[in-house]
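Q: what's the 3D shape of this:
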Amino acid sequence: RMETDYNPMELPNNTAFEEDSDYRDFEGTDVKDMRLEAEAVVNDVLFAVSNMFVSKTLPCAEDVAYINVETRERNRYCLELTEAGLRVVAYDFDQTDDRLQTPYHETVYSLLDSLSPAYREVFGNAILQRLEALKKESQS
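A: Purely as a prediction, here's the structure:
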C-alpha cells in the first residue's frame, strides 16, 4: 500500500462532490447543499486571491450560495453559485444587483481567470511548481 503526504499545492479535484454519496438522497437524486459546495470552491482557490469567503449575510439554500471574493488587484465581487455555475452578481461584498447580467462560468477557475490577471499568474505558477515536483518525484 502506497502512502502519500498531503501537499497543500495539490491541484483541486473537481469531482469530489459528484462522487460523495453523502450528497445524494435515498432515491439517488443529486441533492447538494450549496453552502458546502461554496466552502469547497473557496478552499480550492483561496491561495490565489486576496480574500474569499462564503457570505454570512446573503441567504444560502439548497440551490444557491453567495461567495465574496477580493482579487489580488483589490477588486471586490459577490459571486452567486448555483447548479448553472458561478457568476458575478455585484461589485462589492454581500450585495446582489438584479440589473447585472453577467455570464455563468462552469468553474471558479474560469471565472477568476476572466476577472484577475494576478489570479491567473499565481494559479499558473502553482501548476508549474506542482509539475516540477512531480517531475522530480518521477526521476528519483
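Q: With just CA atoms, put stretch 130-140 into CSV.
A: Provided in CSV are the C-alpha atoms of stretch 130-140 (Å, rounded to 0.1, in the frame of the first residue of the first chain):
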residue,chain,number,x,y,z
ARG,A,130,3.4,21.0,-8.9
LEU,A,131,4.6,19.8,-12.3
GLU,A,132,8.2,20.4,-11.3
ALA,A,133,7.6,18.4,-8.0
LEU,A,134,6.1,15.5,-10.0
LYS,A,135,9.0,15.6,-12.4
LYS,A,136,11.5,15.3,-9.5
GLU,A,137,9.5,12.5,-7.9
SER,A,138,9.4,10.5,-11.1
GLN,A,139,13.2,11.0,-11.5
SER,A,140,14.0,9.6,-8.1
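Q: what's the model's confidence in that stretch, averaged?
A: Averaged over stretch 130-140, pLDDT sits at 94.
Q: Next, the buried residues of that stretch.
A: Within stretch 130-140, no residue qualifies as buried by neighbour count (16 or more other Cβ atoms under 10 Å). Every residue, glycine included, has its C-beta placed from N, CA and C.
Q: roughly how far is that stretch from the heart of the chain?
A: Distance, stretch centre to chain centre, for stretch 130-140: 26 Å (Cα atoms, centre = their mean, to the nearest Å).
Q: what's the first-to-last distance across stretch 44-61?
A: By Cα to Cα, to the nearest Å, the extent of stretch 44-61 from end to end equals 21 Å.
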